[in-house]
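Engineer: Quick one, structure for this:
(one chain, ligands or ions: 1)
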Amino acid sequence: MPLNNKSIIKGTYLPPGDKSISHRILILTGQVIGQSKIKNLLQSEDVINTLKAMKLLGVQIIQKNKDFIVFGIPPGGLFQPKKVIDFGNSGTGIRLMSGLISSNNIEVKLVGDSSLSKRPMRRVTQHLSKIGAKIKLKKNLYPPVKLKGTGSAVPLNFEIHIPSAQIKSAIMLSALNTKGTIRIKEFKTTRDHTENMLKSMGYNIKIKENSIHRFIEMKNNKELKKINYNVPGDPSSAAFLISAACLKPGSKLKVKNMLFNKTRVGFIKTLMLMGGNIKVINKRMVHNELIADLVVEQKKNLKSIILEPKNIPLQIDEIPILSIVASFANGLSIFRGLKELTVKESNRLLLIHENLKKIGVKSIIKNYDLHIYGNYNLKKGSGIIKHNDDHRILMSFFISNMICKKNNIIKDKTCVKTSYPSFFKHISQLIH
Ligand code: S3P
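Structural biologist: Okay, here's the model as predicted:
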């Protein structure tokens with residue numbers, strides 16, 4: 001195990017390609033006639049499953065050295081697949097692709113692994129049924145998704161009551177082959193990569209926001225244009241090493257080419273409020289996405305933080321690693337409103353709580369709020385971490401070895417390949 005309580009983080013770091021953007025760029029370039037090129041695509045299991053799904057639906061995708069070349073087909077032109085489509089562990093994959101398929105006149109069965117087979121799908125399919133798709137779910141809630149799409153989707157106004165980019169993006173992808181205007185009202189805290197990409201590809205999309213909501217209007221009267229897209233670094237993956245650097249005074253980490261979209265970097269603000277010394281430099285816009293470099297130069301210990309429910313979607317995937325950070329920050333941290341965390345790759349709220357106990361950290365769950373009693377004393381460690389093959393739980397508790405007297409035991413680390421296959425390589429390059 002390379003990490004222990006004497007470890008600090010030092011060096012220059014290029015995070016892997018962003019997972020959310022990688023899914024979306026494969027799907028959207030697959031809907032453009034002509035040849036698009038994708039650089040720095042995240043080659044993790046989740047994304048590769050979306051790539052395979054697009055191929056099964058008739059899109060040609062070839063790898064040329066490190067790049068991927070996509071020869072798309074027009075919206076509405078998906079082929080009838082010859083077999084079941086397997087999304088493995090990926091909620092983003094199955095939900096976004098359900099949306100895309102729902103407005104195509106084909107019949108599919110979408111399946112996933114044991115974790116995905118327990119995740120709610122009706123939050124997406126309830127909207128897709130309204131446009132005319134016929135959908136059956138296991139127990140009316142879970143995958144497999146048996147979906148018969150429609151070639152004549154009804155243009156509607158949608159209101160989304162859960163802050164979820166997956167629900168929104170599924171509806172947006174169904175709109176690619178829907179005649180007329182579709183309108184979506186959703187919470188503006190959800191990630192907006194689908195919108196940004198569609199704008200970059202010349203689509204007719206208008207967006208307005210007020211203090212709480214985002215209003216999206218889409219019309220499919222302009223063709224999507226092909227694009228050469230360079231996928232920026234994933235802040236949700238970089239969060240593990242950035243947090244690790246903030247945890248240990250003496251660390252110095254330079255992060256290059258990281259996505260800095262405001263819907264994704266809530267955790268950076270949180271770390272800064274806790275006393276993390278992070279400088280954000282070289283901000284630039286590429287394909288309507290903000291990209292930046294970061295310098296983390298940690299000199300002192302961290303203090304506790306209170307996160308309100310409205311801030312949670314901005315760092316939903318980073319709550320597991322932030323809970324490790326809070327364990328070592330002086331004082332009581334409270335993360336309020338974590339209900340969505342219970343329906344991720346695992347019940348993350350419960351697993352965080354159980355594993356914190358194992359490493360010697362007191363935490364309490366009250367309703368859906370998580371209270372963590374932090375201090376700078378080293379934690380006991382030696383816990384056998386229960387990760388249920390959830391990649392982010394595993395990586396977070398791997399980092400917890402930096403604040404524990406003894407290493408925690410983590411069996412079967414293969415699930416990092418879901419989102420971050422090079423996690424252990426990067427750790428050994430940057431650990432000192
Ligand atoms: C994602 C959206 C989020 C996030 C997930 C990726 C996306 O899920 O947790 O890891 O790429 O759209 P929800 O939309 O369910 O909040």
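
Engineer: Tell me, how many residues neighbour Lys130?
Structural biologist: Neighbourhood size, Lys130 [other CB atoms under 10 Å]: 15. For the C-beta atoms, the positions are set from N, CA and C on the backbone; glycine is no exception.

Engineer: Contacts only, for it.
Structural biologist: By CB atoms under 8 Å, 6 or more residues apart in numbering, the contact set of Lys130 is 154, 156, 158.

Engineer: cool, Pro320 as well?
Structural biologist: By CB under 8 Å, 6+ apart, the neighbours of Pro320 are 348, 352, 392-393, 395-396.

Engineer: Specify the local secondary structure of it.
Structural biologist: Each residue gets one of three states, and Pro320 gets helix by DSSP: H, G, I helix; E, B strand; the rest coil.

Engineer: how much space between it and Ile359?
Structural biologist: 13 Å (CB to CB, to the nearest Å).

Engineer: Equivalent analysis for Gly76, please.
Structural biologist: Applying CB to CB, the value for Gly76 to Ile359 is 52 Å.

Engineer: repeat for Pro235
Structural biologist: According to CB to CB, Pro235 and Ile359 sit 25 Å apart.

Engineer: who touches the closest residue to Ile312 other than its chain neighbours in this structure?
Structural biologist: The shortest distance from Ile312 to any residue other than its chain neighbours is 5.3 Å, reached at Gly337 (CB to CB, 6 or more residues apart in numbering). Shown in contact with Gly337 (CB under 8 Å, 6+ apart): 308-310, 312, 368-369.

Engineer: Just the closest of those residues to the ligand, please.
Structural biologist: Checking the contacts of Gly337 against the ligand by CB to the nearest ligand atom gives Ile312 as the nearest, at 9.7 Å.

Engineer: list the helices and strands the host helix or strand of Ser169 packs on?
Structural biologist: Assigned by DSSP states H and E, Ser169 falls within helix 165-175. If you count contacts as 3 or more CB pairs under 8 Å, 6 or more residues apart in numbering; DSSP states H and E, helix 165-175 packs onto helix 19-29, helix 91-102, helix 122-130, strand 181-187, helix 193-200, strand 213-219.

Engineer: go again using 10 Å as the cut-off
Structural biologist: Other elements packing on helix 165-175 under the criterion 3 or more CB pairs under 10 Å, 6 or more residues apart in numbering; DSSP states H and E are helix 19-29, helix 91-102, helix 122-130, strand 157-159, strand 181-187, helix 193-200, strand 213-219.

Engineer: of all these, which lies closest to Ser169?
Structural biologist: Nearest to Ser169, of all those, is helix 193-200, at 4.4 Å by CB to CB.

Engineer: Looking at that closest one now, give me its mean pLDDT.
Structural biologist: In this model, helix 193-200 has an average pLDDT of 98.

Engineer: From the contact counts, what lies against that helix?
Structural biologist: Using 3+ CB pairs under 10 Å, 6+ apart, helix 193-200 sits against helix 19-29, helix 165-175, strand 204-209, strand 213-219, strand 289-297.

Engineer: ok, 7 Å please
Structural biologist: helix 19-29, strand 204-209 (3 or more CB pairs under 7 Å, 6 or more residues apart in numbering; DSSP states H and E).
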